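Trainee: With the input below, show me the fold.
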Amino acid sequence: MNRKRIIACLDVKDGRVVKGVNFVGLSDAGDPIGLARHYSELGIDELVLLDITATVEKRKTFIDLVRGVSEGISVPLTVGGGIASVEDAKALLEAGAAKVSINSMAVRDPSLIAAIANAVGSERLVVAIDAKEGRVAVQGGRVVTDRKVVDWAKEVERLGAGEILLTSMDHDGVKEGYDIALTKAVAAAVSIPVIASGGAGTMEHFARVFEETGVSGALGASVFHFGTIDIPKLKIFLAQRGITTSTGF
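Mentor: Just a heads-up that it's a prediction; the model follows:
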């Protein structure tokens with residue numbers, strides 16, 4: 001059975017979960033350890049913890065925070081932010097992460113993808129791609145490169161990434177739905193799992209991205225943080241559409 005994953009994302013800045021629109025205008029959404037435990041109890045399939053300013057401010061993701069989050073949950077945790085070496089990746093995995101995610105550093109130094117994949121296994125490496133108007137953005141979305149998103153997705157798969165986390169900056173936080181066209185194109189271009197991110201506002205949006213693209217997971221942030229969508233109800237809704245999620249319902 002082709003089970004899909006519902007994933008909650010915790011964007012962390014200064015030890016707090018934050019959420020904005022199009023990567024700006026951040027507002028406080030709560031304590032990451034408490035939210036992670038809450039989502040795990042509600043039946044979320046996976047969690048993503050991203051230190052969204054680690055790369056910009058040239059500092060590492062807080063190991064203690066990762067450990068605190070991982071100890072309180074029973075679902076896989078992906079951690080990203082400021083990973084610049086194999087040693088950084090290993091430290092996060094040792095702290096309890098199931099997978100690590102790299103973004104800006106992968107664009108800056110693509111050899112890092114192969115290095116981490118060879119050291120810890122492709123299945124434990126996610127490459128996050130922030131997309132703006134079909135181009136790859138880095139530095140927390142502050143810099144838009146000349147790289148085309150679909151071409152970069154193919155390249156990261158070739159280099160050893162085990163999964164892609166695709167975020168549409170144009171749709172992020174707007175709550176008008178995922179970027180179906182871009183997501184469909186990326187999922188069709190690679191054979192590794194793709195997670196859709198950016199734009200979820202209703203349960204229908206989750207259903208559409210699963211029904212109309214080849215993604216294996218769909219990520220939400222503010223819709224979960226602020227109670228717009230109830231996770232158990234979302235799973236029931238998807239099941240009624242014939243979409244089975246990892247933990248079932």
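
Trainee: Now do the contacts for the closest residue to residue 246 other than its chain neighbours.
Mentor: Here the nearest residue to residue 246 in space, its sequence neighbours aside, is residue 45; by C-beta to C-beta, 6 or more residues apart in numbering that works out to 4.0 Å. Yep, even glycine has a C-beta here, placed from its N, CA and C like the rest. Going by C-beta atoms under 8 Å, 6 or more residues apart in numbering, residue 45 touches 5, 6, 7, 75, 217, 245, 246, 247.

Trainee: Report the rounded mean pLDDT for the helix or strand encompassing residue 115.
Mentor: If you go by DSSP states H and E, residue 115 is part of helix 111-120. The pLDDT scores in helix 111-120 average 98.

Trainee: for stretch 89-96, same thing?
Mentor: Here the average pLDDT along stretch 89-96 is 95.

Trainee: list the buried ones in that stretch?
Mentor: 89, 90, 91, 92, 93, 95, 96 (16 or more other C-beta atoms under 10 Å).

Trainee: How about stretch 107-126?
Mentor: Neighbour-count burial for stretch 107-126 [16+ other C-beta under 10 Å]: 107, 110, 112-117, 120, 122, 124-126.

Trainee: out of those, who's nearest residue 11?
Mentor: Distances from residue 11 to the buried residues of stretch 107-126, taken as C-beta to C-beta, are shortest for residue 126 (15.1 Å).

Trainee: Double-check that residue 38 belongs to a helix.
Mentor: Yes: judged by DSSP: H, G, I helix; E, B strand; the rest coil, residue 38 forms part of a helix.

Trainee: I'd like to know how far it sits from residue 80.
Mentor: Separation of residue 38 from residue 80 (C-beta to C-beta, to the nearest Å) stands at 21 Å.

Trainee: So for these two, which residue has more residues nearby?
Mentor: Per other C-beta atoms under 10 Å, whichever of residue 38 and residue 80 has more neighbours is residue 80, with 27 against 18.

Trainee: In this structure the more buried one contacts residue 126, no?
Mentor: Yes: here residue 80 lies in contact with residue 126, judged by C-beta atoms under 8 Å, at a distance of 7.3 Å.

Trainee: wait, what's in contact with residue 223?
Mentor: Residue 223 touches 175, 200, 201, 229, counting by C-beta under 8 Å, 6+ apart.

Trainee: my guess is residue 162 meets residue 116, correct?
Mentor: No: look at residue 162 against residue 116 with C-beta under 8 Å: they stay out of range, at 10.1 Å.

Trainee: Give me the common contacts of these two.
Mentor: Between them, residue 162 and residue 116 share these contacting residues under C-beta under 8 Å, 6+ apart: residue 125.

Trainee: quick revisit: drop anything exposed from the contacts of residue 45.
Mentor: Buried members of the contacts of residue 45, scored by 16+ other C-beta under 10 Å, are 5, 6, 7, 75, 217, 245, 246, 247.

Trainee: Doesn't residue 152 lie inside a helix?
Mentor: Yes: Residue 152: assigned to a helix according to three-state DSSP.

Trainee: nearest spatial neighbour of it, skipping sequence neighbours?
Mentor: Nearest to residue 152 is residue 136, by C-beta to C-beta, 6+ apart, at 5.1 Å.

Trainee: hang on, the earlier thing: check the gap between the residue nearest to residue 246 and residue 5 for me.
Mentor: In terms of C-beta to C-beta, residue 45 sits 4 Å off from residue 5.

Trainee: any chance you could map the strands in the chain?
Mentor: 5-13, 16-21, 24-30, 46-51, 77-80, 99-102, 125-132, 135-138, 143-148, 163-168, 194-197, 217-220 (DSSP state E).
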